[in-house]
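> Below are the sequence and a predicted model; questions follow.
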Amino acid sequence: MARYIGPKSKIARKFSDPIFGPDKYLEKKNYPPGQHGNNRRRRKQSEYGIQLAEKQKAKYTYGILERQFRNVFKRASRKKGITGENLLQLIEARLDNVVFRLGIAPTRAAARQLVSHRHITVNGDIVNIPSYSVREGDVVSVREKSKSLEAVTNSLASRKTFSWLEWDEDKMQGKFLNYPAREEIPENIKENLIVELYSK
């Protein structure tokens, strides 16, 4: 199973955005990484460079590698509507992201691990594929044996709510009501730049 396991603060500094969550190093050094630190003269980015950086930022934010990301983009471009919005909606519907949004896991990486270790069910069946696409009306829940896991209970104690997800505290399960509208997705991603990049 391919995933990014490299330095996270370095990537967050590269994009000047805490894409992996709160980062004390980013707060302390809010300039890109490099040998000469903040004194280094940086060349003006080309249009292609800006578009590529936005795509890389989206990939790192959601923990998706290049081939998967390109495949999701192809699906988004075939759907009716705005391609950029479709892209973010399809990524938001990935099982690992839904588990993270429901508050079952504190980060997307932790959500990915819970899914691949068979702690999560969709409509009562165990699903261990993080990239599984959740559909409208699907019920995502914590497996009965895993409900007492400390990682899960600690994460649920500080969960946030999202309008496109419904959470049942007693049953420890959530429902994917609908695909979120662009303004409901909190991620700071300029999806139009990604569309422009892939359209070349």
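Great, that's in hand.
> quick one: the strands in this protein?
120-122, 125-126, 139-142, 165-168, 173-176 (DSSP state E).
> Make a markdown table out of these and add distance to Gln51 and mean neighbour count.
(Glycine included, C-beta is placed from N, CA and C.) Converted to a markdown table, these look like this (distance: least, Cβ to Cβ, whole Å; neighbours: other Cβ atoms under 10 Å):
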| stretch | distance to Gln51 | mean neighbour count |
| --- | --- | --- |
| strand 120-122 | 34 | 21 |
| strand 125-126 | 39 | 8 |
| strand 139-142 | 33 | 21 |
| strand 165-168 | 31 | 16 |
| strand 173-176 | 30 | 20 |
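> among the ones you listed, which is nearest Glu85?
Among the strands of the chain, the nearest to Glu85 by Cβ to Cβ is strand 173-176 (17.0 Å).
> for the closest one, packing partners?
Strand 173-176 sits against helix 95-102, strand 139-142, strand 165-168, with contacts defined as 3 or more Cβ pairs under 8 Å, 6 or more residues apart in numbering; DSSP states H and E.
> would you turn the ones you listed into a markdown table with mean pLDDT?
Listed next are these as a markdown table, based on pLDDT from 0 to 100:
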| stretch | mean pLDDT |
| --- | --- |
| helix 95-102 | 94 |
| strand 139-142 | 94 |
| strand 165-168 | 92 |
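> would you turn those into a markdown table with distance to Glu150?
Rendered in a markdown table, the data for those read as follows (distance: least, Cβ to Cβ, whole Å):
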| stretch | distance to Glu150 |
| --- | --- |
| helix 95-102 | 16 |
| strand 139-142 | 13 |
| strand 165-168 | 19 |
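> Would you mind telling me which of these is nearest Glu187?
helix 95-102 (10.1 Å).
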